[in-house]
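Q: please find the sequence and the predicted model below.
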Amino acid sequence: MIWVEILSRHRDVATRLRLEGPEARIGRGYDNDVVVDDPYVAARHLRIFRDDAGRLVVEDLGSANGMFLDRGRERHERIITDGKMPIRIGQTLLRIRDDAHEVEAERTVPVHGGRRRLVLAVALGALILGVDVLKRWLTETGEPRVSNYVTELLVVAATTVAWVGIWALLARIFSGHARFLSNLLIALAGLLVFSFYNELVQYLGFAWTWSVPASYEYVAAWLLLGLTCFLHLREVGSTHLWPKGLIVTALLVTAIAVQTIQRSEAFSASGRQGITQVLMPPAFRAVRLQDQDSFFGDIATLKATLDSDRAKARPDDSGRF
Amino acid sequence: MSLFCRAILVSVALTSQLFGTLSAASAADAPSGAEGIYAAAPPRLLQIRTLVVDAARQTSTGSGFLVSADGLAITNYHVVSQVALEPGTYRLEYAAADGSHGDVTLLGVDLPNDLAIVRLDKHDAPFFAFNKAAIDGTGPQKGERLYSMGNPLDLGFTIVEGTYNGLVEKSYNERIHFTGALNPGMSGGPTVTADGLIVGINVATRRGGQLVSFLVPAKFAEALLRRVSTQEGTPNFRADIARQLGAWRTALYESFAAAGFRSNALGPYRAPDAAATWFNCWAQTNMGAKPKPRARIDTTECSSDTSVFVAEDLNTGAIRIDHSLVTSVELNQFQFASALTQQAQPRLLTAGPLRKWYTSERCHEDFVRAVPGPKHPPLRAIWCARAYREFDGLYDVSLVAVTQDDGKEALVSRLSLQAVGYDEAVALGKRFVETVEVIR
């Protein structure tokens, strides 16, 4: 018995045929056992038979376009098939298997796994919205208005759902499963990490007077977005992870480079530091108090920077003041 | 105060006869009052025009007046600043009230007093003489009638009657307070007493005031005239302006530092205010606001009116000290810190287009205790500074200090200095933070 599977471009089985005889022929002509409607396939293209050892052998019957293994460029006259590697004729992918082909062991259905993930997604969502409300309330200096909070929550929720919806749609198109819950978990985890990172940066800026993370917060945001997109892409289809990763990395590098250039140009155009100095309750201070001399000593070193800025801004002294 | 006038009147006086009486053509023989004064003015009263060399059209106008028989005239520096700074792009012309006109050459400038001396291609013309009492500081008397001349808004030569009201109080640069209607275009024009002698030079009006105008005292013009008549050749004006600006602001900050800071109570805090007499201080509070603010903010602000006109787009040299006492009414510590964040952003006082005049801003911030001991609260201090691209040794600086001794009450103190030397600024900054104290 021989099984012939015709695969889609995504390597899913499109047609599966059971052939009873010891031998089978494949081609465009109607005298074959399997008829393939592919203009690049010969009328009589392949013959499948068993060799003396009982292995399935695929033989090219002298077609013009030949026979290949998967994406390989090397033309084969004969292939002893292992049932795993697809065979390409014309633009058609085939898999030849015999009835002894081994299949994967049965997977156990996770007990309440789906529900656990649902609970996790709801908990994460609630946490994000809660953190959002809390942040807003802690920075509220005017009259608190319920409508402001509600609007903000709705915007966050709607944006997240729209984002997840797009990925779920892509996953549905390309892999047949929307995987809404998985995509939702990925998006929520990304949001949550960013939200905490943002708080951490402000804390470091105030308590430790360390402003570097704040200056590069945009880099972290892009990295996080890139990682999230990669995880979404993996949900869309778990094949070709290397090229997907490379594309995401390339986009990421471009985005970070463009924004870095923009920021440096904006700084040299306006001369203003783009960072807001954020204050927190005095109890958060984590570094010791500087004495006056060391503080003003640090300030005095800025003079050299300013003077070199001036020298750079004025390369040509002629005609100047 | 702003001097967007551009007019010049001409006065007449030989350098050797500065305090002489007017010549036969002068106002002395003419009918009394404005009519008589104006009757004698035309040949020595000027409009001074700045023209774009290539376009041969005027880009601004001011007034001026002849002060010598050999064609020396006085005007404001701001009337001729474009020519001083960009001599290749602009040139000067005069048109006298008697209809004569011709070329004008810039000879010298006095940046702090906003004066300039120019030479006209005009000889043996009558000129204005200085009032002797105004030069030696004994006159005129408050309330005395003065007459100001010029060409306002390029509408034609006019004479304006007004009153002498002494020197402007709380002003670092000496200015006469003249109650009369000066208008743009009259800058650089003469203001004379009833006998037609120069008391001051029109320079500015107060926007939003009524007839509040300012004159540069005649003694500065006379001093500049003496200086220019002994100088050989014309100076490199850009270098001269940079030097004058440097010297002027050195004197300004020396005077500021000598007066020092005096301590002023603000809630439980004591905050430094400028002790120099030439500061204007005001206070405001948000307690009247509706809805009732959730943090009370009481602000005091002291500023000096010390900006000098350097270029069309650069008036610099202001000093400002402000303090905000922020007290939580119903904010928690986090919300209070947010309210404080809004108050404590470092803002440099900007005197002109950033990219043209300044380098990028550089900042440093940290927690500081100025002096050990409970009297001096811990501070979160932010220092931002930028350099002037074209003036070596000049910087704008802003220092903000926020007290960190209480989660629901804080003092935000800010010292802003324009066109200051870096080391002077650091020394002033030290004294400033040392003066912040708390008494609980």
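A: Arrived safely.
Q: helices of the stretch 201-321 of chain A, residue ranges please.
A: All helices of the stretch 201-321 of chain A, identified by DSSP state H, counting those that start in this stretch, fall at A:212-215, A:217-236, A:241-270, A:292-313.
Q: sorry, slip of the keys, the one I care about is the stretch 1-150 of chain A.
A: Taking DSSP H, counting those that start in this stretch, the helices of the stretch 1-150 of chain A run over residues A:113-138, A:146-175.
Q: as JSON lines, those with mean pLDDT, mean neighbour count and distance to B:Gly373 would be great.
A: In this view, the C-beta of every residue, glycine as well, is placed from N, C-alpha and C. Output for these, formatted as JSON lines (pLDDT from 0 to 100; neighbours: other CB atoms under 10 Å in any protein chain shown; distance: least, CB to CB, whole Å):
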{"stretch": "helix A:113-138", "mean pLDDT": "91", "mean neighbour count": "14", "distance to B:Gly373": "33"}
{"stretch": "helix A:146-175", "mean pLDDT": "93", "mean neighbour count": "14", "distance to B:Gly373": "44"}
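Q: now those helices in a markdown table, with distance to chain B?
A: Output for those, formatted as a markdown table (distance: least, CB to the nearest CB, whole Å):
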| stretch | distance to chain B |
| --- | --- |
| helix A:113-138 | 4 |
| helix A:146-175 | 14 |
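Q: and the ones you listed: which comes nearest B:Asn173?
A: helix A:113-138 (48.5 Å; CB to CB).
Q: can I get the lowest-mean-pLDDT helix or strand in chain A in PDB, CA atoms only?
A: Ranked by mean pLDDT, DSSP states H and E, the helix or strand of chain A with the weakest confidence is helix A:212-215, at a mean of 87. Extracted C-alpha coordinates of helix A:212-215, given in PDB (Å, rounded to 0.1, in the frame of the first residue of the first chain):
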ATOM      1  CA  VAL A 212      20.600  56.700  31.400                       C
ATOM      2  CA  PRO A 213      17.600  54.200  31.300                       C
ATOM      3  CA  ALA A 214      15.200  57.100  30.800                       C
ATOM      4  CA  SER A 215      17.300  58.500  27.900                       C
END
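Q: and stretch B:390-398, what's buried?
A: Across stretch B:390-398, burial judged by 16 or more other CB atoms under 10 Å in any protein chain shown covers B:Glu390, B:Phe391, B:Gly393, B:Leu394, B:Tyr395, B:Asp396, B:Val397, B:Ser398.
Q: hang on, the earlier thing: return the most buried member of the helices of the stretch 201-321 of chain A.
A: With neighbours defined as mean count of other CB atoms under 10 Å in any protein chain shown, those peak in mean count at helix A:217-236, which reaches a mean of 18.
Q: same question for that helix, mean pLDDT?
A: For helix A:217-236, the mean per-residue pLDDT is 94.
Q: got the contact list for that helix?
A: A:167, A:170-171, A:174-175, A:179, A:182-183, A:186-187, A:189-190, A:193-194, A:197-198, A:201, A:213, A:241, A:244-245, A:248-249, A:251-252, A:255-256, A:259-260, A:263 (CB atoms under 8 Å, 6 or more residues apart in numbering or on different chains).
Q: what's the offset of that helix from the middle of its chain?
A: Chain-centre distance of helix A:217-236: 6 Å, with CA atoms, centre = their mean, to the nearest Å.
Q: angle of it against helix A:241-270?
A: Calculated by axes from the mean of the first three to the mean of the last three CA atoms, to 10 degrees, helix A:217-236 forms an angle of 160 degrees with helix A:241-270.
Q: can I get the helices of the stretch 1-150 of chain A in a markdown table including distance to B:Ala116?
A: As requested, those are exported to a markdown table (distance: least, CB to CB, whole Å):
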| stretch | distance to B:Ala116 |
| --- | --- |
| helix A:113-138 | 58 |
| helix A:146-175 | 58 |
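Q: thinking again about what came up before, nearest to A:Leu124, of the helices of the stretch 201-321 of chain A?
A: Proximity to A:Leu124 (CB to CB) singles out helix A:217-236 among these, at 13.4 Å.
Q: using CSV, write down the CA coordinates of that closest one.
A: Only the C-alpha atoms of helix A:217-236 are listed here, as CSV (Å, rounded to 0.1, in the frame of the first residue of the first chain):
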residue,chain,number,x,y,z
GLU,A,217,13.6,54.2,27.2
TYR,A,218,12.7,54.3,23.5
VAL,A,219,15.2,51.6,22.7
ALA,A,220,13.7,49.3,25.4
ALA,A,221,10.2,50.1,24.0
TRP,A,222,11.3,49.1,20.5
LEU,A,223,13.0,45.9,21.7
LEU,A,224,9.9,44.9,23.6
LEU,A,225,7.7,45.6,20.6
GLY,A,226,10.0,43.6,18.4
LEU,A,227,10.0,40.7,20.8
THR,A,228,6.2,40.8,21.1
CYS,A,229,5.9,40.8,17.3
PHE,A,230,8.2,37.9,17.0
LEU,A,231,6.2,35.9,19.5
HIS,A,232,3.0,36.8,17.6
LEU,A,233,4.7,35.6,14.4
ARG,A,234,5.6,32.3,16.0
GLU,A,235,1.9,31.9,16.8
VAL,A,236,1.0,32.6,13.2
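Q: where in the chain is pLDDT low?
A: In the absence of a named chain, chain A is used. A:110-113, A:273-276, A:315-321 (pLDDT under 70).
Q: that's the wrong chain, I meant chain B
A: Looking along chain B with the criterion set at pLDDT under 70, you get B:1-32.
Q: so what secondary structure elements neighbour the longest strand along it?
A: Longest strand of chain B, by residue count under DSSP state E: strand B:409-420. Using 3 or more CB pairs under 8 Å, 6 or more residues apart in numbering or on different chains; DSSP states H and E as the contact test, the elements touching strand B:409-420 are helix B:237-259, strand B:269-274, strand B:319-328, helix B:333-343, strand B:395-403, helix B:422-434.
Q: near chain B, which residues of the stretch 1-150 of chain A?
A: Selection of the stretch 1-150 of chain A residues close to chain B by CB under 8 Å from any CB of the partner chain yields A:Trp137, A:Leu138, A:Thr139, A:Glu140, A:Thr141, A:Gly142, A:Glu143.
Q: residues from the stretch 101-250 of chain B in reach of chain A?
A: Residues of the stretch 101-250 of chain B lying near chain A by CB under 8 Å from any CB: B:Arg238, B:Ala239, B:Ile241, B:Ala242.
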